[in-house]
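Asker: Using only what follows, build the 3D model:
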Amino acid sequence: MRRRPRLGCVVLAVVVLPAPPAGAQVADAATTSLRQDVTVAWRDGRAPGRDRESFAIPGIGSGEVVCRRDAAFIRMRPTDTAAETSMWSTLLQRKGGADVAAVHNARVYTFSTPTSQTARGTGPAAHEGLNQRRPLEDRGEGRAFGLISQRSARNVPAAGAVSPTSFTLQWRWTGFAGSARDARCRVTATFLTRLPAETPVRTVASGGLVRRPGPAVSALNLNWRGDADAAANLVSRPITLPYLGTLSATCPPGRGSRPALTLKADRADLGPAATVLTYEGEGPDAVTSTRYATDPGTGQLGPVPLPVNGMLRATITGSSRTVEVVASSIRKTNDPDGADNFCEIAVQAVSGAG
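Answerer: Got it, this is the predicted structure:
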């Protein structure tokens, strides 16, 4: 019999990062985070009541992880459906005898275009399936990582001030096509969200959810809609990577432009290095790996190009420290009508001893 952990309490706050004044370059420091560990596990077909578990998305809404014999997915449900909320995920599975990656972007929004005055968007929730086929395959196994972020409604200038929530998932199920008594499933997930430094967090456990204080986390958003809006949102507010430097994002408008991340090292002579994995599209070639070093003259690492429509993971090391970065980005800068161009970037950096 599984022993239930002792119950505690957790105090959560709406996570809103204030937009910096124009031209401000004060770095946003790493601070505490909320870690949520989710487990959905059942066997011998005994799934009712054990086939789902909810989690919080601070500042955005809530979500749940589900594994039934007919469906397996992660779902988000924003509190404000007029805002535009994205749940980026990269699924890593084996298909056709090959290891493949698949990048997806589930979204919730009300207005279908930046200038729309009529609600023509999605429903109140969005999900990403863990299955490869429909109906669900008899056996399923894989892992994933993702980032949930939010910005203002599509029909107003973009303003993203909510700290994104990152997640990792692993899953395995068997016996879904046969007798119910042969079916079993286990999904584990971890969610991390930056919280203001003064926010107290205690460990609390209930069912398949455990909430606890997380590691030091920094986060940034950079969003604009329309070329006119881009002029005031070319560079993000920088964030501090402890003992390494400051990280910022850029997204210039114009045909051929590309968003990027740049790290300004604290010390050029001890500059950090980064291994960057970029994920775009689907298939065995959906991921590329690149190594970056700090320029000893400028003390700068990068610019590291962000995908046009995808995700990025980077491991940055230096001064006996390691920071893990996950980012999502999507942009359009070549539309003849400048009002229809846009850029959306969300980044989370998790600090820890190397």
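Asker: need the longest strand for the protein.
Answerer: In the chain, with assignment by DSSP state E, the single longest strand is strand 209-225.
Asker: who touches the next helix or strand after that one?
Answerer: Later in the chain than strand 209-225, the nearest helix or strand by DSSP states H and E is helix 227-230. Helix 227-230 has contacts (Cβ atoms under 8 Å, 6 or more residues apart in numbering) with 157-158, 224, 251-253, 338-339, 341, 343. Where C-beta positions appear, they are placed from N, C-alpha and C, glycine not excepted.
Asker: Tell me how many other residues surround the residue nearest to D269 when sequence neighbours are not counted.
Answerer: Nearest residue to D269 in three dimensions, chain neighbours excluded: P296, at 6.6 Å (Cβ to Cβ, 6 or more residues apart in numbering). For P296, the tally of surrounding residues (other Cβ atoms under 10 Å) stands at 12.
Asker: of the contacts of helix 227-230, buried ones?
Answerer: 157-158, 224, 251-253, 341, 343 (16 or more other Cβ atoms under 10 Å).
Asker: Now do the buried residues in the helix or strand hosting V276.
Answerer: Using DSSP H and E, V276 sits within strand 273-280. Residues of strand 273-280 classed as buried by neighbour count (16+ other Cβ under 10 Å): 274, 276-280.
Asker: strand partners of the longest strand of the chain, parallel vs antiparallel please.
Answerer: Paired neighbours of strand 209-225 in the sheet (DSSP bridges): strand 31-42 (antiparallel), strand 204-206 (antiparallel), strand 342-353 (antiparallel).
Asker: I'd like to know which of these is closest to A183.
Answerer: Proximity to A183 (Cβ to Cβ) singles out strand 31-42 among the strands paired with strand 209-225, at 8.3 Å.
Asker: Pull the residues that contact the strand holding V276.
Answerer: 90, 101, 103, 263, 286-294, 301, 304-305, 307-318.
Asker: follow-up on the earlier one: quick one: the residue nearest to D269 and L270 touch, right?
Answerer: No: judged on Cβ atoms under 8 Å, P296 makes no contact with L270 at a distance of 9.7 Å.
Asker: Quick check: which of the strands paired with strand 209-225 is nearest to T322?
Answerer: Closest to T322 of the strands paired with strand 209-225 is strand 342-353 (Cβ to Cβ; 5.9 Å).
Asker: quick one: the closest one to chain centroid distance?
Answerer: Relative to its chain's centre, strand 342-353 lies at 8 Å (Cα atoms, centre = their mean, to the nearest Å).
Asker: got it, and stretch 152-164?
Answerer: For stretch 152-164, the distance to the chain centre is 16 Å (Cα atoms, centre = their mean).
Asker: buried sites along it?
Answerer: In stretch 152-164, counting by 16+ other Cβ under 10 Å, buried: 152-155, 157-160, 162-164.
Asker: okay, who's weakest in those residues by pLDDT?
Answerer: Note: of those, the lowest pLDDT belongs to G160, at 68.
Asker: Which strand residues bridge L261?
Answerer: In beta-bridge terms (that is, DSSP bridges), L261 pairs with A249, V304.
Asker: ah, wrong one, I meant G146
Answerer: Taking DSSP bridges, one obtains S89, F167 as the residues bridged to G146.
Asker: Quick check, it in contact with F167.
Answerer: Yes: using Cβ under 8 Å, G146 is in contact with F167, at 5.2 Å.
Asker: any common contacting residues for those two?
Answerer: Common neighbours of G146 and F167 (Cβ under 8 Å, 6+ apart) are I74.
Asker: which residues of the stretch 51-200 of the chain fall in strands?
Answerer: Under the criterion DSSP state E, counting those that start in this stretch, the stretch 51-200 of the chain carries strands at the ranges 52-57, 61-68, 71-78, 84-95, 98-108, 126-129, 140-151, 165-174, 184-194.
Asker: on that earlier part again, are any of the contacts of strand 273-280 buried, and which?
Answerer: Using 16+ other Cβ under 10 Å as the burial test, the contacts of strand 273-280 include 90, 101, 103, 263, 286-287, 292, 294, 301, 304, 307, 310-314, 316, 318 as buried.
Asker: In strands only, show me those residues.
Answerer: With strands identified by DSSP E, the entries of the buried ones among the contacts of strand 273-280 that belong to them are 90, 101, 103, 263, 287, 292, 301, 304, 310-314, 316, 318.
Asker: Compute the number of surrounding residues for P58.
Answerer: Neighbours of P58 (other Cβ under 10 Å): 22.
Asker: wait, I meant R172
Answerer: Using other Cβ under 10 Å: R172 sits among 15 other residues.
Asker: can you check R181 too?
Answerer: For R181, using other Cβ under 10 Å, the count is 11.
Asker: same question, P135
Answerer: 11.
Asker: what's near enough to touch it?
Answerer: By Cβ under 8 Å, 6+ apart, the contact set of P135 is D70.
Asker: before we move on, the earlier item: let me see the mean pLDDT of the longest strand of the chain.
Answerer: Rounded mean pLDDT across strand 209-225 is 94.
Asker: buried set for stretch 26-33?
Answerer: 27-28, 30-33.
Asker: With stretch 241-256 instead?
Answerer: Buried residues in stretch 241-256, counted by 16+ other Cβ under 10 Å: 241-253.
Asker: give me phi/psi at G338?
Answerer: Here is the backbone geometry of G338 (degrees, to the nearest 10): phi -60, psi -20.
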